[in-house]
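*Asks:* Would you be able to build a 3D model of this:
(one chain, ligands or ions: 2)
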Amino acid sequence: MRRTVSRRVRGVDEIRSSRGGRATAAGPLCHEGNLSSMTKPRITLVTSAEMPNLYSDEAGLPDALSERGADPQIKIWNDPGVDWSQAGVCVVRSVSDYARDRSAFLAWAQSIPRLLNHAEILRWNSDKHYMIDLAARGLPVIPTTWLEPDQHLSKQQVHSRFPAMGDFVVKPAVSSGVRDIGRYTANDTDQRQAAILQAMHLLEQGRSVMVQRYVQQIDVNGEISLVFFNGLVSHSVEKRAELHPARITDPRMHEVVVTAQQAGEEQWRWGEQIRAVLHANVRSLLGHDEQFLFNRVDLVPDGQGSFLVMEVSMVDADLYLKATPEALGNFADAITMRAFW
Ligand SMILES: Nc1ncnc2c1ncn2[C@@H]1O[C@H](COP(=O)(O)OP(=O)(O)O)[C@@H](O)[C@H]1O
Ligand SMILES: [Mg+2]
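*Replies:* Ligands and ions are numbered 1, 2, ... in the order given. So this is what the prediction gives:
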């Protein structure tokens, strides 16, 4: 579905009646004696040039926001023509190109008056080094060896940092959407060579590299995503394992197989455990607590009552809004709640 919203900022003369005259925190505005007239809060859904109409799952979001009395528009984060001072509440969505120029993206985020999620949260979450913080706060994350550009590693040194047995994964620390992720078999000479080349290539580009064992349990138990809006659980999905042996996954050919699932009590407990850690972390980042408009946590159950954290997604997270009938409405409710505050 294609939908572009390109209205300009409205002046006072364009104030319209709200549907049903719902009172909001923005407050009813008297206009020619009509007490039910008021400004609709502007909400900007932020995307990238690659995806001018948002993720396909989210195409219904502008209509859902309009139905809730808001004034939605879609804008591209690095479009120089956008007047962000008039953008209202800005919701970061399909900004999937941020990894190409993370500092430009973060500078943009810092300049936006009302951004969700908070710019400092985007800074923290847009680099998977955040896994180190999660581990320090006691979460079971996938064990990772970090290769850093400033270590100036030789091929031999990279080789010696890979596991000797089993399958392993090489991925950049700043990335999303399964870009540049390779899976290799450790004792296959050609694959090991390919893994070294991939890691060296990323390092030469100045990118940090993560090396992890391939978590076998994902083939059996899948990966579970818990999706939270304004701190409340909305829905949960199960994803099939995504990485094919012996290659780098091509994100363009890549399709995530997602099934809505009824998350059990145990999974929600894990979600809560992670949420508590995220809030402790945000308090240390910002000096105060901060509500996340959205966050998605991806877990691999270990089959023994515990889990490993694959990632926590608070930037361009795919929120699987088509996974359940309520998901899109839940997100629209969560956004409008923030806009009407
Ligand atoms: N160590 C691993 N073991 C098994 N599968 C992995 C591993 N790392 C990544 N994957 C697979 O690759 C996908 C993408 O990896 P992820 O770390 O979530 O990066 P991205 O930010 O690109 O989504 C995961 O959802 C999972 O299917
Ligand atoms: Mg992921």
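*Asks:* Please make it C-alpha for all contacts and neighbour counts, starting now.
*Replies:* Noted.
*Asks:* Next, residue 234: phi, psi?
*Replies:* The phi/psi pair for residue 234 (degrees, to the nearest 10) reads phi -110, psi -60.
*Asks:* in the stretch 201-341 of the chain, which spans are helices?
*Replies:* Under the criterion DSSP state H, counting those that start in this stretch, the stretch 201-341 of the chain contains helices at 217-221, 265-286, 327-340.
*Asks:* Was I right to think residue 84 contacts residue 112?
*Replies:* Yes. Between residue 84 and residue 112 there is a contact under Cα atoms under 8 Å: 6.6 Å.
*Asks:* how about the helix or strand of the chain with the lowest mean pLDDT, does it reach ligand 1?
*Replies:* Least confident helix or strand of the chain, by mean pLDDT, DSSP states H and E, is strand 247-248 with a mean of 76. No. Strand 247-248 lies out of reach of ligand 1 by Cα under 6 Å from any ligand atom, never closer than 10.2 Å.
*Asks:* hmm, back to that, pick the most deeply packed of the helices of the stretch 201-341 of the chain.
*Replies:* Highest mean neighbour count among these (mean count of other Cα atoms under 10 Å): helix 327-340, with a mean of 19.
*Asks:* elements contacting that one?
*Replies:* Helices and strands touching helix 327-340, by 3 or more Cα pairs under 8 Å, 6 or more residues apart in numbering; DSSP states H and E, are helix 61-67, strand 89-92, strand 223-229, strand 232-239.
*Asks:* I'd like these as JSON lines, with mean pLDDT, distance to residue 281 and mean neighbour count appended.
*Replies:* Converted to JSON lines, the helices and strands packed on helix 327-340 look like this (pLDDT from 0 to 100; distance: least, Cα to Cα, whole Å; neighbours: other Cα atoms under 10 Å):
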{"stretch": "helix 61-67", "mean pLDDT": "98", "distance to residue 281": "30", "mean neighbour count": "19"}
{"stretch": "strand 89-92", "mean pLDDT": "98", "distance to residue 281": "20", "mean neighbour count": "24"}
{"stretch": "strand 223-229", "mean pLDDT": "96", "distance to residue 281": "17", "mean neighbour count": "25"}
{"stretch": "strand 232-239", "mean pLDDT": "93", "distance to residue 281": "18", "mean neighbour count": "21"}
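*Asks:* could you pull out the helices for the stretch 1-150 of the chain?
*Replies:* Ranges of helices within the stretch 1-150 of the chain are 61-67, 102-111, 119-125, 130-136, based on DSSP H, counting those that start in this stretch.
*Asks:* Need those helices in CSV (columns: distance to residue 53).
*Replies:* Putting the helices of the stretch 1-150 of the chain into CSV (distance: least, Cα to Cα, whole Å) gives the following:
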stretch, distance to residue 53
helix 61-67, 10
helix 102-111, 19
helix 119-125, 22
helix 130-136, 30
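*Asks:* would JSON lines of the helices of the stretch 201-341 of the chain with mean pLDDT and distance to ligand 1 be doable?
*Replies:* Supplementary listing: the helices of the stretch 201-341 of the chain in JSON lines, determined by pLDDT from 0 to 100; distance: least, Cα to the nearest ligand atom, whole Å:
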{"stretch": "helix 217-221", "mean pLDDT": "93", "distance to ligand 1": "6"}
{"stretch": "helix 265-286", "mean pLDDT": "94", "distance to ligand 1": "16"}
{"stretch": "helix 327-340", "mean pLDDT": "97", "distance to ligand 1": "20"}
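*Asks:* Tell me which of the ones you listed approaches residue 116 most closely.
*Replies:* helix 327-340 (9.1 Å; Cα to Cα).
*Asks:* How about residues contacting the closest one?
*Replies:* With Cα atoms under 8 Å, 6 or more residues apart in numbering as the test, helix 327-340 has contacts from 24-26, 41-43, 58, 60-61, 64-65, 68, 70, 88-89, 91, 229-230, 234-235, 293, 320-322.
*Asks:* got the CA positions of it in PDB?
*Replies:* Output in PDB follows, covering the C-alpha atoms of helix 327-340 (Å, rounded to 0.1, in the frame of the first residue of the first chain):
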ATOM      1  CA  ALA A 327      -0.500  -4.900  17.200                       C
ATOM      2  CA  LEU A 328      -0.800  -1.800  14.800                       C
ATOM      3  CA  GLY A 329      -3.600  -0.300  16.900                       C
ATOM      4  CA  ASN A 330      -1.600  -0.800  20.100                       C
ATOM      5  CA  PHE A 331       1.300   1.100  18.600                       C
ATOM      6  CA  ALA A 332      -0.900   3.900  17.300                       C
ATOM      7  CA  ASP A 333      -2.400   4.100  20.800                       C
ATOM      8  CA  ALA A 334       1.000   4.300  22.300                       C
ATOM      9  CA  ILE A 335       2.200   7.000  19.900                       C
ATOM     10  CA  THR A 336      -0.900   9.200  20.400                       C
ATOM     11  CA  MET A 337      -0.600   8.800  24.100                       C
ATOM     12  CA  ARG A 338       2.800  10.400  23.900                       C
ATOM     13  CA  ALA A 339       1.700  13.000  21.500                       C
ATOM     14  CA  PHE A 340      -1.300  14.100  23.600                       C
END
